[in-house]
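Q: Fold the following for me, if possible:
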Amino acid sequence: MMKITITEFRKDLFKLVDRVIAGESVEFVHQGVTIRLVVPEGRLSKLDRLTPRQIVNPDMTEEEHRAAERTMQADMLAEMEKDWAEIGGSE
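A: The predicted structure follows:
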């Protein structure tokens with residue numbers, strides 16, 4: 001475990017955080033209170049924390065996907081043009 005002063009902690013904050021992320025514990029005392037920085041056991045990676053989403057319909061063919069995308073884009077464009085017209089924009 002690495003023990004440092006609060007001044008060292010403040011000066012080298014980002015380097016120390018990198019060391020903690022790498023698995024090293026860092027400890028310092030501030031106003032009589034000992035503070036220890038550690039990475040919790042079993043920490044999940046960013047990839048592990050992602051929520052899976054279905055972004056395609058496995059029952060659709062490639063052509064059906066393309067047609068659905070074209071329809072969605074046309075609908076979005078029509079809605080944007082409608083909104084723009086309502087606020088007084090010009091086309």
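Q: can we go C-alpha only for contacts and neighbour counts from here?
A: Fine.
Q: The helix or strand bottoming out on mean pLDDT in the chain: what's the following helix or strand?
A: Between all helices and strands in the chain, the lowest mean by mean pLDDT, DSSP states H and E belongs to helix 46-49, at a mean of 80. Sequence-wise, the next helix or strand downstream of helix 46-49 (DSSP states H and E) is helix 62-86.
Q: Would you mark the buried spots in that next one?
A: For helix 62-86, a neighbour-count test (16 or more other CA atoms under 10 Å) marks nothing as buried.
Q: same question for that helix, mean pLDDT?
A: In this model, helix 62-86 carries a mean pLDDT of 93.
Q: circling back to that earlier point, now for the least confident helix or strand of the chain, which elements pack on it?
A: Applying 3 or more CA pairs under 8 Å, 6 or more residues apart in numbering; DSSP states H and E, we find helix 46-49 packed against no helix or strand.
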